[in-house]
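K.L.:
Below are the sequence and a predicted model for it; my questions follow.
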Amino acid sequence: RKEVEQDPGPFNVPEGATVAFNCTYSNSASQSFFWYRQDCRKEPKLLMSVYSSGNEDGRFTAQLNRASQYISLLIRDSKLSDSATYLCVVKGMDSSYKLIFGSGTRLLVRP
Amino acid sequence: DGGITQSPKYLFRKEGQNVTLSCEQNLNHDAMYWYRQDPGQGLRLIYYSQIVNDFQKGDIAEGYSVSREKKESFPLTVTSAQKNPTAFYLCASSGARLGRETQYFGPGTRLLVL
């Protein structure tokens, strides 16, 4: 089983739609969680950290469910510019600060 | 501007040749990382370093080597022992304390084998 699993998609949605991605992680002791965005042929960029209480940044909302070991990302009012691959990231539990990356979920927003 | 730079943007390697990818950061980060990304796949960790003069193997270190002689620099050498080096190579850095582990990435180097 992969340490971080995501549905690869693609999710194909019209502009203005609401779309949600889920991600599951295998290590119940994981403490830090992130969503990164990666545009085609570019480097990943931090979208948002995920906190236990859930957090929101504009049209983006991240939730953490520790009991079920999943993280979600909700995008409201999708824009064409939201088209990208969204990477779910979990901090490893050894003494280093390694991050474990999911393979990503691809989002295509159409006009 | 603070950030991470990688060079070159594209690199071509001949069979049997060693090549070195550059990564420099001026974010004053202690930790640095090298990842490899293959088409349609996630990032895989090659090597990481949490402090100068120290580094550890990641999940796919075979055929690669690194050095960390300065805080700002973490070059990656792809040796001839790496049989399938064609990939997108990403360097990242972060703080090395709990709560500061967010990683920031450089623009990447695409390595192609001739």
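P.N.:
Arrived safely, thanks for sending. Residues are numbered from 1 along each chain as shown, chains lettered A, B, ... in the order given.
K.L.:
which ones are touching residue 59?
P.N.:
Just going to use chain A. A:75-77, A:79 (CB atoms under 8 Å, 6 or more residues apart in numbering or on different chains). (C-beta placed from N, C-alpha, C; glycine too.)
K.L.:
my bad, chain B
P.N.:
Residue B:59 neighbours (CB under 8 Å, 6+ apart): B:44-46.
K.L.:
One more: residue A:103?
P.N.:
Residues near residue A:103 by CB under 8 Å, 6+ apart: A:2, A:6, A:8, A:87, B:40-42.
K.L.:
in stretch B:80-92, what counts as buried?
P.N.:
Neighbour-count burial for stretch B:80-92 flags B:82, B:85, B:87-92 (criterion: 16 or more other CB atoms under 10 Å in any protein chain shown).
K.L.:
Using the three-state scheme, assign residue A:34.
P.N.:
Counting by DSSP: H, G, I helix; E, B strand; the rest coil, the backbone at residue A:34 sits in strand.
K.L.:
what about the closest residue to it other than its chain neighbours, which helix or strand?
P.N.:
The shortest distance from residue A:34 to any non-neighbouring residue, by CB to CB, 6 or more residues apart in numbering or on different chains, is to residue A:89 (4.2 Å). With secondary structure defined by DSSP states H and E, residue A:89 is part of strand A:84-91.
K.L.:
neighbouring contacts of that strand?
P.N.:
A:3-4, A:6, A:21, A:23, A:25, A:27, A:30-40, A:44, A:47, A:71, A:73, A:97-107, B:42-43, B:101.
K.L.:
Now do the same contact list for the nearest residue to residue B:81 once chain neighbours are set aside.
P.N.:
In space, and not counting its chain neighbours, residue B:81 is closest to residue B:63: 4.3 Å by CB to CB, 6+ apart. Residue B:63 makes contact with B:78-79, B:81-83, B:85 under the criterion CB under 8 Å, 6+ apart.
K.L.:
can you tell me how far residue B:6 sits from chain A?
P.N.:
The spacing between residue B:6 and chain A, counted by CB to the nearest CB, to the nearest Å, is 9 Å.
K.L.:
Next one: residue B:30 from residue A:91, what distance?
P.N.:
Separation of residue B:30 from residue A:91 (CB to CB, to the nearest Å): 16 Å.
K.L.:
which of those two has more neighbours?
P.N.:
Set residue B:30 next to residue A:91 and count neighbours by other CB atoms under 10 Å in any protein chain shown: residue A:91 wins out with 21 against 17.
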